[in-house]
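**Student:** Fold the following.
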Amino acid sequence: MTSAVCPGSFDPFTLGHRYVVERAAARFDELVITVVVNPNKRGLFSVDERIDLIREDCADLSNVRVDRWTGLLVDYLRQESIDTVVKGLRSAVDFDYEVPMAQMNRELADVETVFLLTDPRFAHVSSSLVKEVAKLDGEVSPFLSPVIHSAVLARLAGERSI
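**Tutor:** Predicted coordinates:
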């Protein structure tokens, strides 16, 4: 069975993420979306909320599961006996950022990284930008699934009422 891990913070999980996940799920028997925990960052959603939202959003993808990890990704890969990482690329900037990590992962644990280009419709979309636009009452529905969009709006409405 071929397996791969698609890691990220996914705060929130965008249609660009979903596009890469769909493409990767079509190429591997199992794809694990791994929400990588950064204890130094406070997200819009907790890690548990992100996991629940991604599970709901990807429920139609039978070979996709969602997990979490704190620490080096290669340690997670060893634990799960997986040797492939899938990363989505929006532009050359992403490539320049991802290549040193891919090379380090290969050096540390003989892990290969597969890069998949996102749909050009989402090349400008990032979770950070979506949050920034949404916080300023901009329209972000073209970049999020309905379930994620509803969760973002509800969370921001809750923050505004405090």
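**Student:** When you work out contacts or count neighbours from here on, use the C-alpha atoms and nothing else.
**Tutor:** Will do.
**Student:** so where's the chain uncertain?
**Tutor:** Flagging of the chain using pLDDT under 70 yields the residue ranges 160-162.
**Student:** same thing but at 50, please
**Tutor:** Residues of the chain that meet the criterion pLDDT under 50 lie in 162.
**Student:** Need the contact partners of the longest helix along it.
**Tutor:** Using DSSP state H, we find that the single longest helix of the chain is helix 92-109. By C-alpha atoms under 8 Å, 6 or more residues apart in numbering, the surrounding residues in contact with helix 92-109 are 74, 78, 89, 111, 112, 113.
**Student:** switch the cut-off to 10 Å
**Tutor:** For helix 92-109, the surrounding residues in contact (C-alpha atoms under 10 Å, 6 or more residues apart in numbering) are 72-75, 77-78, 83-89, 110-115, 117.
**Student:** and that helix, how far from the chain's centre?
**Tutor:** Using C-alpha atoms, centre = their mean, to the nearest Å, the mean C-alpha position of helix 92-109 is found 16 Å from that of the whole chain.
**Student:** Start at 50, not 1
**Tutor:** In the new count, where the first residue is 50, that last one comes out as helix 141-158.
**Student:** mind saving the C-alpha coords of that helix as PDB?
**Tutor:** Listed in PDB are the C-alpha atoms of helix 141-158, where the atom choice follows Å, rounded to 0.1, in the frame of the first residue of the first chain:
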ATOM      1  CA  ALA A 141       8.200  29.700  -7.200                       C
ATOM      2  CA  VAL A 142       8.200  31.400  -3.800                       C
ATOM      3  CA  ASP A 143       6.600  28.200  -2.300                       C
ATOM      4  CA  PHE A 144       9.100  26.100  -4.200                       C
ATOM      5  CA  ASP A 145      12.100  28.100  -2.800                       C
ATOM      6  CA  TYR A 146      10.700  27.700   0.700                       C
ATOM      7  CA  GLU A 147       9.900  24.000   0.400                       C
ATOM      8  CA  VAL A 148      13.000  22.700  -1.300                       C
ATOM      9  CA  PRO A 149      15.400  23.000   1.700                       C
ATOM     10  CA  MET A 150      12.900  21.200   3.900                       C
ATOM     11  CA  ALA A 151      12.500  18.500   1.400                       C
ATOM     12  CA  GLN A 152      16.200  18.000   1.200                       C
ATOM     13  CA  MET A 153      16.500  18.000   4.900                       C
ATOM     14  CA  ASN A 154      13.800  15.400   5.200                       C
ATOM     15  CA  ARG A 155      15.500  13.200   2.700                       C
ATOM     16  CA  GLU A 156      18.800  13.600   4.500                       C
ATOM     17  CA  LEU A 157      17.300  12.900   8.000                       C
ATOM     18  CA  ALA A 158      15.000  10.000   7.100                       C
END
